[in-house]
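Trainee: I'd like to go over a predicted model; first the sequence, then the structure.
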Amino acid sequence: MSQLEEIRERLDLCDKKIVSVLEERMDIIKEIMVYKKENGLPILQPEQEKRQRKMLLTHVDENTYKDEILDIFNYIVENSRRIQAKTLFTHNILLIGFMGAGKSTVSTYLSKILASPQVEMDEEIVKKEGMSINKIFEEYGETYFRNCETNLLIELQKKNNQIISCGGGVALRDENVAEMKKNGKVVLLTASPEVILERVKDSDDRPLLRGNKNTEFISNMMEQRRPKYEAAADVVVNTDHKTVEEIAEEIVVKLTRDDN
Ligand SMILES: Nc1ncnc2c1ncn2[C@@H]1O[C@H](COP(=O)(O)OP(=O)(O)O)[C@@H](O)[C@H]1O
Ligand SMILES: O=C(O)C1=C[C@@H](OP(=O)(O)O)[C@@H](O)[C@H](O)C1
Ligand SMILES: [Mg+2]
């Protein structure tokens with residue numbers, strides 16, 4: 001055996017060790033998830049990742065390959081999140097609810113913490129149509145926009161493990177709800193009209209709220225929509241005066257209850 005072959009053989013051995021340790025690490029992640037679930041502990045715990053990172057930084061502080069090792073660990077942590085998500089969900093998670101309930105904000109956070117792809121339905125439609133939601137309503141009318149939503153939803157249900165932020169009107173069509181249920185769990189986010197107003201008052205990209213930014217209008221529209229929203233929901237989370245982290249945790253806890 002040449003010297004180079006001998007060195008390469010050691011490298012192969014090293015890779016095998018890495019695979020084995022990674023496997024062990026991933027099994028531990030799953031074990032942690034089971035333990036948290038069985039003992040009713042918070043599942044997401046972002047502060048634990050920070051603690052882990054700090055420990056790692058201290059550990060590699062003097063290491064020659066510090067930067068490279070930290071870079072590899074970013075991928076390891078990212079993939080641990082993915083395993084965590086797969087342990088929790090095999091289906092899609094769809095967020096529904098009134099404008100300003102926090103669907104887009106919460107789905108961005110969930111997608112990050114679970115390393116799962118996020119789909120922002122409004123954004124996808126804007127991209128496909130090449131114009132803003134306001135412009136679509138103005139040029140083609142609401143029914144055209146609603147058809148875009150239905151078509152997109154059918155497309156989305158072909159994939160798994162996505163966090164889908166629906167536009168506020170998506171759950172109003174029964175055929176859309178049937179589509180959501182084929183491969184997803186539906187989370188309804190709620191908020192009081194006062195909180196909604198506070199959240200939407202400075203934004204102009206919701207055509208239905210143009211010139212209607214007052215609690216009376218919001219409250220009436222919310223009441224009209226409520227039966228459809230509630231009928232579509234697998235779980236309901238009120239978002240009034242809660243942080244995004246608290247809402248995300250509540251969603252995960254409710255979705256992972258045995259009856260879901
Ligand atoms: N839990 C929350 N606490 C405070 N502000 C929030 C919360 N959720 C969302 N927001 C804010 O409210 C606004 C509307 O949220 P967004 O996620 O766009 O709602 P939706 O997608 O349901 O219409 C955004 O400016 C966002 O930052
Ligand atoms: O409730 C609705 O009918 C709508 C909600 C909007 O999305 P958000 O709920 O994310 O604001 C957007 O799809 C469109 O303006 C119509
Ligand atoms: Mg949104």
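Mentor: Cool, the structure landed. The structure presented is a predicted model; accordingly, all values stated were derived computationally and were not measured. Ligands and ions are numbered 1, 2, ... in the order given.
Trainee: what comes up buried for stretch 184-204?
Mentor: 184-193, 195-197, 199-200 (16 or more other Cβ atoms under 10 Å). Every C-beta, even on glycine, is put in place using the N, C-alpha and C of the backbone.
Trainee: quote the end-to-end distance of that stretch.
Mentor: From its first residue to its last, stretch 184-204 covers 31 Å (Cα to Cα, to the nearest Å).
Trainee: before we move on, back to that, can you tell me which of the buried residues of stretch 184-204 are in helices?
Mentor: Counting by DSSP state H, the part of the buried residues of stretch 184-204 found in helices is 193, 195-197, 199-200.
Trainee: reformat these as TSV; add distance to ligand 3.
Mentor: Putting those into TSV (distance: Cβ to the ion, whole Å) gives the following:
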residue	distance to ligand 3
P193	17
V195	15
I196	12
L197	16
R199	11
V200	10
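Trainee: of the residues you listed, which is the nearest to ligand 1?
Mentor: Ligand 1 lies nearest to R199 out of these, by Cβ to the nearest ligand atom, at 3.3 Å.
Trainee: for burial, what's the neighbour tally of the closest residue in space to that closest one that isn't next to it in sequence?
Mentor: Among residues not flanking R199 along the chain, G100 sits closest, at 4.1 Å (Cβ to Cβ, 6 or more residues apart in numbering). By the other Cβ atoms under 10 Å criterion, the neighbourhood of G100 contains 24 residues.
Trainee: what's the answer for Y35, then?
Mentor: 10.
Trainee: dump the residue contacts of K112.
Mentor: Residues near K112 by Cβ atoms under 8 Å, 6 or more residues apart in numbering: none.
Trainee: how close does it sit to L88?
Mentor: 15 Å (Cβ to Cβ, to the nearest Å).
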